[in-house]
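Q: fold the following for me, if possible:
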Amino acid sequence: MVYKAAASELPSRMPRFAANISLLFTEHAFLDRFEQAARAGFAAVEIQFPYEHPKEAIAERLARHGLRCVLHNLPPGDWEAGERGIAIFSERQSEFRDGVARAIDYAGALGCRQLNCLAGLVPAGADRARLHATFVANLAYAAAELERAGIRLLIEAINTRDMPGFFLTGTAQALDLIAAAGSANLFVQYDAYHMHVMGEDVRAMIAAHRDRIAHVQIADDPGRHEPGTGRIDCPGLFEQLDRIGFPGWVGAEYRPAARTVDGLGWFAPYRVGSIG
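A: Residues are numbered from 1 along each chain as shown. Have a look, this model is predicted:
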């Protein structure tokens, strides 16, 4: 049988890890990845974009396997066509607002209390000041709508190597956007992989801004593979998150080098369940 961790059950050691099932367990169909995450000992999952599947089907899998959904993104536009968010485009504000409503609807069904907003790619020759102003206005709108629903809004910086042209590329810029939006319901999703690529001191940045960082994601650099396969001191980062009592979740958002289960050695000290 498969162990089912209660939603309130936490690992004996911190931090708390969530499996990103958009990247992990892709050997299985999407709806079957929830079982695989629970079998591996995760108490929670995060999903990049849940919208291709009925929210009722996802909610049923979460309940069946005793998992929490701790994060998903707002609709990003046409991902398959290369779009990576629409929040910076003034001509698409109506579409953005529709996406906020759809994301709240999904989050409510899934019990998800955090949503991430992707900024988008800067078109050639675009006026960055106008993009900034539009992004700030959209963040203020979304943060207010989400607050009414009891959900936090997050923004994420992404590195320019993996995603050239992305508007938001560093933590200082993210904090400036939060200040400009003027909402207490707007936080940073800190992706250690992306920010290491951008040259940030990951541990120092988390320590300095832990009050505004609501969620952390991890993968190693280079390769975006499992912790322990690259240059990031992941054990040191995990120890720091434990030491400072980081209250949020840490999303395992990496690309497995082989089968997902074969690369979970790093996770052994933190797992909450096992196959019985």
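
Q: could you pull out the buried residues of stretch 186-205?
A: 186-198, 200, 202-203, 205 (16 or more other CB atoms under 10 Å). Where C-beta positions appear, they are placed from N, C-alpha and C, glycine not excepted.

Q: start and end of it, how far apart?
A: For stretch 186-205, the first-to-last residue distance is 18 Å (CA to CA, to the nearest Å).

Q: tell me how far the nearest residue to Arg128 once chain neighbours are set aside lies from Thr171.
A: Counting by CB to CB, 6 or more residues apart in numbering, Val122 is the residue found nearest to Arg128 once chain neighbours are left out, at 6.8 Å. Note on Val122: its distance to Thr171, by CB to CB, to the nearest Å, is 18 Å.

Q: now do Pro227
A: Using CB to CB, Pro227 is found at 20 Å from Thr171.

Q: repeat for Ala219
A: 17 Å.

Q: low-scoring pLDDT stretches of this protein, where are they?
A: 1-13, 273-276 (pLDDT under 70).

Q: what sits against Asn116?
A: Leu71, His72, Asn73, Leu74, Leu153, Leu154, Ile155, Glu156, Gln189, His215 (CB atoms under 8 Å, 6 or more residues apart in numbering).

Q: one more time with 7 Å
A: With contact taken as CB atoms under 7 Å, 6 or more residues apart in numbering, Asn116 is in contact with Leu71, Asn73, Leu74, Leu154, Glu156, Gln189.

Q: looking at those residues, which is nearest Asp105?
A: Leu74 (11.6 Å; CB to CB).

Q: tell me how many other residues surround that closest one.
A: 27 (other CB atoms under 10 Å).

Q: same deal with Glu91?
A: Neighbours of Glu91 using other CB under 10 Å come to 8.

Q: what sits closest to Asp262 if chain neighbours are left out?
A: In space, and not counting its chain neighbours, Asp262 is closest to Pro256: 7.6 Å by CB to CB, 6+ apart.

Q: what distance do you get for Ile232 to Phe30?
A: Distance from Ile232 to Phe30, counting by CB to CB: 28 Å.

Q: so the two - more neighbours on which side?
A: Neighbour count, other CB under 10 Å: between Ile232 and Phe30, Ile232 has more, with 22 against 17.

Q: now do the SS call for that one.
A: Three-state call for Ile232 (DSSP: H, G, I helix; E, B strand; the rest coil): coil.

Q: give the buried residues for the top helix by length along the chain.
A: Counting residues, the longest helix found in the chain (DSSP state H) is helix 128-148. Across helix 128-148, burial judged by 16+ other CB under 10 Å covers 131-132, 134-143, 145-146.

Q: make JSON lines from the residues you listed and add distance to Gly41 to it.
A: Formatted as JSON lines, those follow (distance: CB to CB, whole Å):
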{"residue": "Leu131", "distance to Gly41": "42"}
{"residue": "His132", "distance to Gly41": "42"}
{"residue": "Thr134", "distance to Gly41": "42"}
{"residue": "Phe135", "distance to Gly41": "38"}
{"residue": "Val136", "distance to Gly41": "40"}
{"residue": "Ala137", "distance to Gly41": "42"}
{"residue": "Asn138", "distance to Gly41": "38"}
{"residue": "Leu139", "distance to Gly41": "35"}
{"residue": "Ala140", "distance to Gly41": "39"}
{"residue": "Tyr141", "distance to Gly41": "39"}
{"residue": "Ala142", "distance to Gly41": "33"}
{"residue": "Ala143", "distance to Gly41": "34"}
{"residue": "Glu145", "distance to Gly41": "35"}
{"residue": "Leu146", "distance to Gly41": "30"}
